[in-house]
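Colleague: Need coordinates for the following:
(chains A and B)
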Protein chains: 2
Amino acid sequence: MIRAVLLDLAGVVYQGEQPLPGAVDAVASLRQAGLRLRFLTNTTRLPRRALLSRLSDIGVRIAAKELFTPAQAASAWLSARQLSPHLLIHPALAEDFANLPASETEAVVIGDAADGFTYAALNAAFRKLLAGAEFLALARNRSFKDEDGELSLDTGAFVAALEYAAKREAVVLGKPAPDFFKAALASTEIDGKEAVMVGDDAEADVAGALLAGIDSALLVRTGKYRPGDETRAEPRPSETVADLAAAARWIVERRG
Amino acid sequence: MIRAVLLDLAGVVYQGEQPLPGAVDAVASLRQAGLRLRFLTNTTRLPRRALLSRLSDIGVRIAAKELFTPAQAASAWLSARQLSPHLLIHPALAEDFANLPASETEAVVIGDAADGFTYAALNAAFRKLLAGAEFLALARNRSFKDEDGELSLDTGAFVAALEYAAKREAVVLGKPAPDFFKAALASTEIDGKEAVMVGDDAEADVAGALLAGIDSALLVRTGKYRPGDETRAEPRPSETVADLAAAARWIVERRG
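Modeller: Presented below is the predicted three-dimensional model:
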């Protein structure tokens, strides 16, 4: 019996600035069925404000508390430890790291810096790590579906680069970090046994959610999905469906 | 009884354009002792021509056949397989890949592209890998001692990035690839049991040589060496010495 639904955004609800076919109605049908919704994105090219505004623009109204982003998790992590961030992120995301207390102890924070992934910027982060800075990754996705429809390098590649060179392991704050799913789930006050995740990434969304104690996870064949993805990560999806509309029908049939 | 000596260049013989103290005389003393010398570098920011000219400028005269570079190994590898390179390398190195036969089948070749490691260039290589191109790495060193005396990111970081994102493993052609050591050794017509390697990289030089069947390997405390490096990779160095001058004395005492 499902009572809570965790939804990925890019590749599930929208692609770029356009909603995916049937996705807006699908979200509405989940709401009408009385399910509690949370939106979990690993996108780190846009701040929370812009994500909420993009959703609103395509006709999906959500409350700020329903949106979970890695930057938000990182900001809380840094704040709790009194650390200043050394940011290797997209400039648009900087506003999500404003208002942190100044500190002499630093943490390298890496997100999808896109063209900001220059040799100089990566090397500066590498040197901070060698000097003992903490190491936070907003995500470790391998690739994402780019504007031209092809897969492009995502944050994970650059996390792997720094991990290899510095012989350090990053603390990952976005999906598939179990704490990220658990924080979103905790805010619904519903148990993982009554929750489902929907995503287009077999590793970060699907396997991540299942390993975090979410009862089931649906893989959609939109976004970055490529044939065969359902067998490329363990645990495998509870079901692979065409898109969010099909996922919503699957969920509504099983609602608590 | 040592009859052949394999020497790393940067951090052992020279640093930047300057010879390391005592290094030029040390090479001369090895020659005078009747030892066969080979020079094995993982530097991929300079073509063979420039490496030979730099050595000559500092007073180390070597024959072209005594120098082994990853680009030379890669060019032979591509030629044998009739593959065209998709180059992600330093522009200065391009001349070492001239004269390869044109082919529709490609291989991504990654070296130390330095500032050429842009997001766009890395992403183009990533897409070639997804499309099925072969994947050659000229080296997989984690870091090198930069002009400012600090460690900087080396090729290995970017190899790791592409390996992670594409879920592929690169074929490494420079040190520590056993074939690289073996090709240099074979050209001396001396058995590995009578050979020694000298380097400043505990992984690529020292452990690599020992795993390739070279009898002994000396780690020098110059170049990228950092205290504790002698215990950071397995197998460990036969001996850790101050510099190439000390290494030459150690070797000459044991010459065959």
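
Colleague: Off-centre distance for stretch A:226-241?
Modeller: Distance of stretch A:226-241 from its chain centroid, counting by Cα atoms, centre = their mean, to the nearest Å, is 18 Å.

Colleague: Stretch A:220-233 too?
Modeller: 17 Å.

Colleague: And the residue nearest to the spatial centre of chain A, what's its pLDDT?
Modeller: Against the mean C-alpha coordinate of chain A, by Cα atoms, centre = their mean, the closest residue is A:Asn42 at 2.3 Å. On pLDDT, A:Asn42 comes in at 94.

Colleague: How about the contacts made by it?
Modeller: A:Asn42 makes contacts with A:Asp8, A:Pro70, A:Leu138, A:Ala139, A:Asn141, A:Thr155, A:Gly174, A:Lys175, A:Asp201, A:Ala204, as judged by Cβ atoms under 8 Å, 6 or more residues apart in numbering or on different chains. From N, CA and C alone the C-beta is placed, and that goes for glycine too.

Colleague: ok, the second one touching A:Gly174?
Modeller: Yes: the pair A:Pro70 and A:Gly174 qualifies as a contact (Cβ atoms under 8 Å) at a distance of 3.3 Å.

Colleague: Let me know the helix or strand that the residue nearest to the centre of chain A is in.
Modeller: Here A:Asn42 sits in a region with no helix or strand, counting by DSSP states H and E.

Colleague: which neighbours do A:Pro70 and A:Gly174 share?
Modeller: Contacts common to A:Pro70 and A:Gly174, judged by Cβ under 8 Å, 6+ apart, are A:Asn42, A:Thr44, A:Leu138, A:Ala139, A:Phe180.

Colleague: quick one: which two of those are the most distant?
Modeller: A:Thr44 and A:Phe180 (12.7 Å; Cβ to Cβ).

Colleague: Overlap in contacts, the two.
Modeller: Joint contacts of A:Thr44 and A:Phe180 (Cβ under 8 Å, 6+ apart) are A:Pro70, A:Gly174.

Colleague: Okay, buried residues for stretch A:53-71 please.
Modeller: A:Arg54, A:Leu55, A:Val60, A:Ile62, A:Glu66, A:Leu67, A:Phe68, A:Thr69, A:Pro70, A:Ala71 (16 or more other Cβ atoms under 10 Å in any protein chain shown).

Colleague: Show me which of those residues is closest to B:Leu30.
Modeller: A:Pro70 (54.8 Å).

Colleague: residue contacts, the closest one?
Modeller: A:Asn42, A:Thr44, A:Gly111, A:Leu138, A:Ala139, A:Leu173, A:Gly174, A:Phe180.

Colleague: Which pair in the residues you listed has the greatest spatial separation?
Modeller: For those, the maximum inter-member distance is 13.9 Å, found between A:Gly111 and A:Phe180 (Cβ to Cβ).

Colleague: Which one's more surrounded, the two?
Modeller: Per other Cβ atoms under 10 Å in any protein chain shown, whichever of A:Gly111 and A:Phe180 has more neighbours is A:Gly111, with 31 against 26.

Colleague: The more buried one - nearest residue in space that isn't next to it in sequence?
Modeller: Residue nearest to A:Gly111 in three dimensions, not counting chain neighbours: A:Thr44, with 3.4 Å by Cβ to Cβ, 6 or more residues apart in numbering or on different chains.

Colleague: What is the neighbour count of that neighbour?
Modeller: 28.

Colleague: measure it to chain B for me?
Modeller: 14 Å (Cβ to the nearest Cβ, to the nearest Å).

Colleague: Return the residues in contact with that residue.
Modeller: A:Thr69, A:Pro70, A:Ala71, A:Ile89, A:His90, A:Leu93, A:Gly111, A:Asp112, A:Leu138, A:Ala139, A:Thr155, A:Gly174.

Colleague: so when I look at A:Ser152, I'm seeing a strand, right?
Modeller: Yes: under DSSP: H, G, I helix; E, B strand; the rest coil, A:Ser152 falls within a strand.

Colleague: Using the record's domain definitions, break chain A down for me.
Modeller: According to automatic domain parsing, chain A comprises the domains A:4-42+A:175-253, A:81-172.

Colleague: looking at those domains, which is closest to B:Ala98?
Modeller: Using Cβ to Cβ, the nearest of the domains of chain A to B:Ala98 is domain A:81-172, at 24.9 Å.

Colleague: Burial check on A:Ala160, number of neighbours?
Modeller: Neighbour tally, A:Ala160, other Cβ under 10 Å: 23.

Colleague: where's A:Ala165, which helix or strand?
Modeller: Assigned by DSSP H and E, A:Ala165 falls in helix A:155-166.

Colleague: can you list the residues of chain A near chain B?
Modeller: A:113-120, A:122-123, A:126-127, A:130, A:142-143, A:150-154, A:156-167 (Cβ under 8 Å from any Cβ of the partner chain).

Colleague: Fine by me, we can end here.
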